[in-house]
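Enquirer: Provide a 3D model corresponding to the input given below.
(one chain, ligands or ions: 1)
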Amino acid sequence: MSNTDFVLAVEDLTVSFDGFKAIDSLNLYVDRGELRVVIGPNGAGKTTLLDLICGKTKASAGSIKFKNQEMTRLPEHMIVRAGIGRKFQTPSIYENLSVFKNLEVSYPRGRGVFGALGFKCDEAVKAKVDEIADMIGLADRLELEAGLLSHGQKQWLEIGMLLMQDPELLMLDEPIAGMSARERELTAELLKRICRNRSVIVIEHDMEFVARIAHKVTVMHQGKILAEGAMDKVQSDPKVIDVYLGH
Ligand SMILES: Nc1ncnc2c1ncn2[C@@H]1O[C@H](COP(=O)(O)OP(=O)(O)OP(=O)(O)O)[C@@H](O)[C@H]1O
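Expert: Predicted coordinates for the structure are as follows:
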């Protein structure tokens with residue numbers, strides 16, 4: 001494929017586990033500044049797709065281009081460095097460190113030879129922490145121990161930790177699981193702010209939330225794309241109703 005303006009271009013992507021194709025010749029194109037939601041029944045391959053993009057799982061065949069650079073042969077840390085951030089379902093914050101420290105240690109400079117926790121905070125890092133804390137709504141919680149945050153706030157902190165690395169593509173797996181209605185609302189607002197200057201891929205089952213945030217929806221089924229487009233178009237697609245929404 002020639003160079004494209006897409007931030008992410010996935011082509012003919014396939015991964016087999018013992019002969020079973022969890023992802024089967026899949027094509028996916030994500031624009032800069034786009035918020036894409038991936039939906040589909042259990043086992044459709046949604047999580048596996050994100051695992052492939054972030055390098056956690058290696059493709060059997062096909063191509064994943066991020067800003068026109070091939071990712072499929074890169075190790076995970078190089079993919080992170082290229083600008084792809086991934087949040088898993090279970091939060092991985094440092095519970096006994098403050099919100100400030102959690103953000104500070106996530107600044108890329110902190111991963112040096114002295115270890116993540118050892119480096120000195122300078123003004124640039126502090127400014128970044130303040131900017132991100134503001135974005136995730138935790139500016140007035142900076143000194144609080146992260147373990148004392150609410151479930152929703154912990155999820156936002158983890159998103160903030162990813163944002164400290166300024167990813168151009170952020171991928172989130174079911175970000176509102178276990179959240180209250182108010183936290184869901186705030187998360188929708190947060191995601192809208194985040195995609196102003198980066199692309200976001202979200203896996204989600206809650207259709208009300210999907211409708212609120214998605215620019216475009218991709219429906220997966222059996223490792224392939226069943227439908228793709230605007231939410232209202234996808235929602236009224238008989239194929240989608242048949243395999244997913246009708247259940
Ligand atoms: N490492 C693996 N080894 C073997 N099979 C796997 C592996 N990872 C995923 N699979 C299989 O691939 C299929 C797709 O799984 P995946 O978790 O990607 O689906 P999903 O759409 O994210 O589902 P859910 O909505 O339940 O999270 C499933 O049948 C799963 O059992």
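Enquirer: from here on, just use CA atoms for contacts and neighbour counts.
Expert: Will do.
Enquirer: all the helices of the protein, residue numbers only.
Expert: 46-53, 76-82, 99-105, 123-135, 151-163, 181-194, 207-213, 231-235, 238-240 (DSSP state H).
Enquirer: residues contacting Cys195?
Expert: Listed by C-alpha atoms under 8 Å, 6 or more residues apart in numbering, the contact partners of Cys195 are Gly33, Glu34, Leu35.
Enquirer: by neighbours, which of the residues you listed wins?
Expert: Counting neighbours by other C-alpha atoms under 10 Å, Leu35 leads the contacts of Cys195 with 25 neighbours.
Enquirer: related to what we said a few turns ago, now the helices of the chain as a markdown table including mean pLDDT, distance to the ligand and mean neighbour count?
Expert: Formatted as a markdown table, the helices of the chain follow (pLDDT from 0 to 100; distance: least, C-alpha to the nearest ligand atom, whole Å; neighbours: other C-alpha atoms under 10 Å):
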| stretch | mean pLDDT | distance to the ligand | mean neighbour count |
| --- | --- | --- | --- |
| helix 46-53 | 97 | 4 | 22 |
| helix 76-82 | 93 | 16 | 16 |
| helix 99-105 | 95 | 28 | 24 |
| helix 123-135 | 93 | 28 | 17 |
| helix 151-163 | 95 | 18 | 23 |
| helix 181-194 | 95 | 19 | 16 |
| helix 207-213 | 95 | 13 | 15 |
| helix 231-235 | 94 | 17 | 16 |
| helix 238-240 | 93 | 14 | 16 |
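Enquirer: quick one: the residue nearest the centre of the chain and Ala139, what's the gap?
Expert: Nearest to the geometric centre of the chain sits Met171, at 1.2 Å (C-alpha atoms, centre = their mean). From Met171 across to Ala139, the span is 23 Å (C-alpha to C-alpha, to the nearest Å).
Enquirer: name the residues linked to the closest residue to Ser60 other than its chain neighbours by a beta bridge.
Expert: Nearest residue to Ser60, sequence neighbours excluded (C-alpha to C-alpha, 6 or more residues apart in numbering): Val15, at 4.6 Å. Beta-bridge pairing of Val15 under DSSP bridges involves Ile23.
Enquirer: my read: Ala227 touches Gln235, true?
Expert: No - assessed by C-alpha atoms under 8 Å, Ala227 is found out of contact with Gln235, at 9.6 Å.
Enquirer: on that earlier part again, from the contacts of Cys195, which is closest to Met164?
Expert: Gly33 (17.8 Å; C-alpha to C-alpha).
Enquirer: how near is the closest one to Leu148?
Expert: Gly33 is 33 Å from Leu148, where distance means C-alpha to C-alpha.
Enquirer: what of Tyr244?
Expert: Note on Tyr244: its distance to Leu148, by C-alpha to C-alpha, is 37 Å.
Enquirer: so which of those two has more stuff around it?
Expert: For Tyr244 versus Leu148, the count of surrounding residues by other C-alpha under 10 Å is larger for Tyr244: 18 against 13.
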